[in-house]
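Chemist: pasting a predicted model and its sequence here:
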Amino acid sequence: MGRAQAPSDPSEVRRIERWLATARVFLAVSALVAIRMDPTQLGNSPAAYGLLGFYMGNSILVLMLLRRRKASTARFRVLVHTADIVWPAFISVFGDGPRSPFILFFVFVLTAAAYRWGLWETLSTAAAEVVLLWTESLVLFHVWAARGGSLPGHIFSGLHMNTTEFEPKRLFMLSVYLLVMGLLLGYLSEQQNHLRAEKAAVTRMLTKVRVEAGLTGTLQQMCQEILSMYKAARLLVVSQEIHSHRTFLGELRNGSGGPSDFVWLDSRPQDAKIYLEDCPGEVCYATSEGDRWSVIALDREGNQVTQAETDSLARLKKRQPFRSLISLSFVFGGEWRGRIFVFDPSWQGEKQEELRFLLDLLRQVGPAVYNVYLLHRLRRRAGAAERARFARELHDGAVQSLIAVEMQVDVLRRQAETTPAVVGGELGRIQSLLREEVLKLRELMQQMKSIDVDSRRLLSLIIDAVERFERETGISARFVTDIEKLEMPDKICRELLRIVQEGLVNVRKHSKARHALVRLSSSPSQWSLTMEDDGEGFPFSGRLTQEELDQMGKGPMIIKERVRLIAGALTVESNPGAGTRLEVKVPKSGEVSDEL
């Protein structure tokens with residue numbers, strides 16, 4: 001009851017009202033059948049069946065309205081609930097007390113209040129029923145009995161009023177039953193709402209864990225959620241890398257305009273002892289009044305720690321002044337340990353249950369945050385590896401070639417004075433070498449460039465790649481396709497474009513071809529990409545599948561890996577001295593891998 005309840009989802013509210021409306025119709029039918037089987041409950045009167053028929057019609061009308069309307073308003077729910085409260089108090093006048101089937105109407109209205117709301121609404125419903133029953137008792141014994149005790153009109157003939165059950169002694173016991181039942185159902189409903197609130201809080205926290213936000217952005221979102229959940233003044237995250245003993249402090253404050261940005265603070269080596277050493281339990285709640293401490297601490301299993309040390313809390317209070325504090329420890333993957341401090345939280349309710357909830361929250365959200373950290377570290381390492389590869393490519397390729405060119409130019413400068421006829425040929429050769437290195441640099445930059453491609457842009461990007469290849473290499477190249485409107489997953493589009501680029505690079509480097517052709521076609525079951533050239537071909541003859549190429553250790557390695565990522569099939573046909581034909585077939589129903 002201390003934490004804010006989970007917000008009501010309109011679709012969930014509508015679903016609950018439908019279930020209650022269906023139960024109301026079923027209850028009306030059951031009561032009608034019971035009266036039919038035992039008419040003594042209401043007597044042999046058309047009015048009895050008329051009353052139950054009216055209730056059934058009203059129940060069916062409510063059910064139809066809920067099925068036709070897109071939303072259930074609060075006013076509509078209160079109106080329906082008011083009718084549910086009045087009906088059992090009214091019909092019980094004509095029933096036979098607790099032995100009557102109409103006692104189920106009291107149970108239904110209390111269950112409906114518990115299902116819709118919570119403890120206080122259910123108790124209020126029970127109290128309203130009690131007030132109505134005592135009001136009816138007053139009317140029966142002081143007004144109706146004074147006028148003769150008969151029902152007016154012939155339509156009510158045969159309908160008996162049960163005044164015995166409205167005597168104060170019996171009515172008192174019925175009132176006690178209703179209040180106790182309301183308390184029990186309301187308590188169960190409150191516990192269910194509490195569980196729903198915990199589930200909603202965990203879900204909200206998990207939605208804050210986003211890879212694209214990074215580790216700092218994720219921590220800020222989650223810390224803001226904790227601050228708003230406990231209405232705390234500020235929050236401090238202290239973490240330490242176990243191997244290097246480096247300590248990091250991050251703080252988030254809750255100001256008048258809302259939570260501020262999460263900021264990393266300067267830390268000192270002795271901060272680890274102040275914030276991380278000798279803290280009571282895995283999670284604790286501590287309040288301070290002068291030198292007196294009140295501490296509730298739990299261990300990892302949620303059991304209360306009997307003797308909680310307060311010396312570490314006193315040291316912490318000197319560094320971070322507070323009146324009350326929530327402390328929660330964490331350990332991630334044997335690499336990091338730390339604590340989360342929530343200063344001056346404000347909430348009501350049972351403290352131990354709330355601390356157990358925090359333990360459960362950390363168990364569910366902690367691994368997701370740690371995964372963000374691991375992915376962030378993996379990306380940094382991948383970026384460093386890619387930069388190293390790029391530097392290696394430059395060093396082994398362009399840098400070495402430029403050094404060679406510089407040496408040749410120096411030799412050529414010396415020869416220009418003695419043998420000027422050699423200068424022209426050497427300059428042509430140097431120019432060709434420089435052109436080759438420019439092409440290699442462009443290809444390297446193209447590989448480093450991220451591609452934003454989808455089915456609408458794929459064809460135009462392939463055309464641009466083929467035309468650029470023809471301009472830069474002088475090799476005649478063209479792209480043909482019979483597809484007018486392409487519908488292809490983005491991952492497959494990206495990989496096919498990379499395959500085309502890699503294939504054209506291989507044609508330039510190894511084939512010595514004069515012509516190249518790229519073709520993309522589509523059938524009901526698959527897409528087909530074909531690349532042909534009239535160059536020297538591979539050092540084998542015939543048509544080989546990807547499995548055969550792997551067994552022989554031949555074929556374009558990068559293209560083979562990309563074909564695997566899109567669940568495709570690669571076939572290479574080579575005729576040494578007469579060219580190569582490379583064909584990639586991708587099934588439209590295949591599953592695309594996420595490895596890349």
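Modeler: Noted; the coordinates are in hand.
Chemist: got the residue ranges for the strands in this structure?
Modeler: Secondary structure of the chain by DSSP state E: the strands cover 234-241, 247-255, 258-259, 263-265, 283-289, 292-298, 324-332, 336-343, 476-481, 515-522, 526-533, 542-545, 569-575, 579-587.
Chemist: between strand 569-575 and the last one, find me the angle.
Modeler: So that's strand 579-587. Relative orientation of strand 579-587 versus strand 569-575 (axes from the mean of the first three to the mean of the last three Cα atoms, to 10 degrees): 170 degrees.
Chemist: if you tally nearby residues, what's the number for the nearest residue to Val238 once chain neighbours are set aside?
Modeler: The shortest distance from Val238 to any non-neighbouring residue, by Cβ to Cβ, 6 or more residues apart in numbering, is to Tyr275 (4.2 Å). Where you see a C-beta, it was placed from the backbone N, CA and C, and this is true even at glycine. Neighbouring residues of Tyr275 were enumerated by other Cβ atoms under 10 Å; the total is 25.
Chemist: okay if I get the strands of the chain as a markdown table plus distance to Glu225?
Modeler: As requested, the strands of the chain are exported to a markdown table (distance: least, Cβ to Cβ, whole Å):
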| stretch | distance to Glu225 |
| --- | --- |
| strand 234-241 | 10 |
| strand 247-255 | 10 |
| strand 258-259 | 9 |
| strand 263-265 | 17 |
| strand 283-289 | 17 |
| strand 292-298 | 22 |
| strand 324-332 | 14 |
| strand 336-343 | 12 |
| strand 476-481 | 50 |
| strand 515-522 | 48 |
| strand 526-533 | 45 |
| strand 542-545 | 54 |
| strand 569-575 | 48 |
| strand 579-587 | 43 |
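Chemist: ok, of these, where does mean pLDDT dip lowest?
Modeler: Mean pLDDT values for the strands of the chain show the minimum at strand 258-259, a mean of 72.
Chemist: from Thr247, how far off is Ile275?
Modeler: To be clear, residue 275 is Tyr; Ile isn't right here. With the distance defined as Cβ to Cβ, to the nearest Å, Tyr275 ends up 8 Å from Thr247.
Chemist: what do those two both touch?
Modeler: Common contact partners of Tyr275 and Thr247 (Cβ atoms under 8 Å, 6 or more residues apart in numbering): Val238.
Chemist: re earlier: so the residue nearest to Val238 makes contact with Phe248?
Modeler: No - Tyr275 lies out of contact with Phe248 (Cβ atoms under 8 Å); the separation is 10.7 Å.
Chemist: where do the contact lists of those two overlap?
Modeler: By Cβ under 8 Å, 6+ apart, the residues touching both Tyr275 and Phe248 are Val238.
Chemist: check contacts around Cys284.
Modeler: By Cβ under 8 Å, 6+ apart, Cys284 lies in contact with Val295, Ile296, Ala297, Leu298, Val305, Ala308, Leu325, Ile326, Ser327, Leu355.
Chemist: from Arg363, how far off is the most centrally placed residue in the chain?
Modeler: Centroid check for the chain by Cα atoms, centre = their mean gives Thr207 as the closest residue, at 4.3 Å. Distance of Thr207 to Arg363, computed by Cβ to Cβ: 17 Å.
Chemist: for Ala388, same thing?
Modeler: Taking Cβ to Cβ as the measure, Ala388 falls 38 Å from Arg363.
Chemist: same check on Pro88?
Modeler: In this structure, Pro88 and Arg363 are 45 Å apart, going by Cβ to Cβ.
Chemist: the more surrounded of the two?
Modeler: Between Pro88 and Arg363, counting by other Cβ under 10 Å, Pro88 is the more crowded of the two (22 against 12).
Chemist: neighbours of the closest residue in space to that one that isn't next to it in sequence, how many?
Modeler: Once flanking residues are discounted, Pro88 sits nearest to Phe105: 3.5 Å by Cβ to Cβ, 6+ apart. Residues within reach of Phe105, counting by other Cβ under 10 Å, total 25.
Chemist: my guess is Phe105 contacts Ile91, does it?
Modeler: Yes - counting by Cβ under 8 Å, Phe105 does reach Ile91; the two are 6.6 Å apart.
Chemist: what bridges to Val584?
Modeler: For Val584, the beta-bridge partners are Leu529, Leu570 (DSSP bridges).
Chemist: residues in contact with it?
Modeler: Leu496, Ile499, Ser528, Leu529, Thr530, Ile559, Val563, Gly568, Ala569, Leu570.
Chemist: ok, 10 Å please
Modeler: Contact analysis of Val584 by Cβ atoms under 10 Å, 6 or more residues apart in numbering lists 495-496, 499-500, 503, 520, 526-531, 546, 559-560, 562-563, 566, 568-572.
Chemist: I'd like to know how far it sits from Leu496.
Modeler: Taken as Cβ to Cβ, the span from Val584 to Leu496 is 7 Å.
Chemist: from start to finish, how long is stretch 250-261 in a straight line?
Modeler: From its first residue to its last, stretch 250-261 covers 10 Å (Cα to Cα, to the nearest Å).
Chemist: what pLDDT is listed against the residue lying farthest from the centre of the chain?
Modeler: Centroid-distance maximum for the chain: Thr418 at 76.9 Å, with Cα atoms, centre = their mean. With respect to pLDDT, Thr418 scores 70.
Chemist: go on, Asp594?
Modeler: 45.
Chemist: please apply the same query to Met1.
Modeler: 39.
Chemist: looking at the contacts of Cys284, spot the one nearest Lys509.
Modeler: Minimum distance to Lys509 across these is 62.3 Å, recorded for Ser327 (Cβ to Cβ).
Chemist: would you confirm that the closest one contacts Pro280?
Modeler: Yes - in this structure, Ser327 is within contact of Pro280 by Cβ atoms under 10 Å, at 7.7 Å.
Chemist: who's in contact with the residue nearest to Val238?
Modeler: Applying Cβ under 10 Å, 6+ apart, the residues near Tyr275 are 236-240, 247, 249, 267, 312, 315-316, 319-320, 327, 338-339, 341.
Chemist: of those, which qualify as buried by neighbour count?
Modeler: With burial judged by 16 or more other Cβ atoms under 10 Å, the buried subset of the contacts of Tyr275 is 236-240, 247, 249, 267, 312, 316, 327, 338-339, 341.
Chemist: now render those residues as CSV, adding distance to Arg36.
Modeler: Formatted as CSV, the buried ones among the contacts of Tyr275 follow (distance: Cβ to Cβ, whole Å):
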residue, distance to Arg36
Leu236, 70
Val237, 68
Val238, 72
Ser239, 71
Gln240, 75
Thr247, 78
Leu249, 75
Ser267, 80
Ser312, 74
Leu316, 73
Ser327, 66
Gly338, 70
Arg339, 68
Phe341, 68
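Chemist: pLDDT-wise, which helix or strand of this structure ranks last?
Modeler: Least confident helix or strand, the chain: helix 421-448 with a mean of 68, by mean pLDDT, DSSP states H and E.
Chemist: re the thing from before, state the pLDDT value of the residue nearest to the centre of the chain.
Modeler: 84.
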